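> no FASTA, just this:
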């Protein structure tokens, strides 16, 4: 029985006192051992919170860095796409100009051939004087010059197209 009594008295007794402050508010006083225990609990809790917040901050920084990296990749992809579309547009435009010049050359050559044939028929009939023959030859020469110029333009357009393609 003595042992039971001993255990009963060996337990810690809470020591609270009541203080009255200047405004007549009742403030319970807390034992100093409780304050120390609370302070260590608070400090360990703040360390855990600080560690948690630091980890969270690091993860947010990492996520932000990844987001920026993805954004840069997106911008690079958009730029490449824009450049590709621009190049395709230039190629299409170059091909169109080459086609148009080829069509003009074909038309000019057909006109030149028909003009020569008409001149040959008129000469064969003998219905043209020498001055009229010279005038027709000058017209034919101008058409040949025009055709040659178109062929030079075609060469330039094809070079430009090849440059755009490469």
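Received the coordinates, thanks. Being a predicted model, the structure only gives us computed values, none of them experimental.
> pLDDT of the one helix or strand residue 81 maps to, averaged?
If you go by DSSP states H and E, residue 81 is part of helix 32-125. The pLDDT scores in helix 32-125 average 88.
> Any idea how far it is from the middle of the chain?
On the basis of C-alpha atoms, centre = their mean, to the nearest Å, helix 32-125 sits 4 Å off its chain's mean C-alpha point.
> Tell me which other helices or strands it touches.
Helices and strands touching helix 32-125, by 3 or more C-beta pairs under 8 Å, 6 or more residues apart in numbering; DSSP states H and E, are helix 130-165. Yep, even glycine has a C-beta here, placed from its N, CA and C like the rest.
> So which bits of the helix it packs on are buried?
136, 140, 143, 147, 150, 153, 154, 157, 158, 161, 164 (16 or more other C-beta atoms under 10 Å).
> With pLDDT and distance to residue 123 as added columns, please give those in a markdown table.
Formatted as a markdown table, these follow (pLDDT from 0 to 100; distance: C-beta to C-beta, whole Å):
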| residue | pLDDT | distance to residue 123 |
| --- | --- | --- |
| 136 | 92 | 9 |
| 140 | 94 | 12 |
| 143 | 94 | 17 |
| 147 | 95 | 22 |
| 150 | 95 | 27 |
| 153 | 95 | 32 |
| 154 | 95 | 32 |
| 157 | 94 | 37 |
| 158 | 94 | 38 |
| 161 | 93 | 42 |
| 164 | 90 | 47 |
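> Run the angle between the helix holding residue 81 and helix 130-165 for me.
160 degrees (axes from the mean of the first three to the mean of the last three C-alpha atoms, to 10 degrees).
> which residue sits closest to residue 137, ignoring its sequence neighbours?
Once flanking residues are discounted, residue 137 sits nearest to residue 119: 7.5 Å by C-beta to C-beta, 6 or more residues apart in numbering.
> Report the separation between that neighbour and residue 60.
Using C-beta to C-beta, to the nearest Å, residue 119 is found at 87 Å from residue 60.
> So for the two, which residue has more residues nearby?
Set residue 119 next to residue 60 and count neighbours by other C-beta atoms under 10 Å: residue 119 wins out with 17 against 10.
> And for residue 52, the neighbour number?
By the criterion of other C-beta under 10 Å, residue 52 has 10 neighbours.
> Roughly how far does it sit from residue 61?
For residue 52 relative to residue 61 (C-beta to C-beta), the value is 15 Å.
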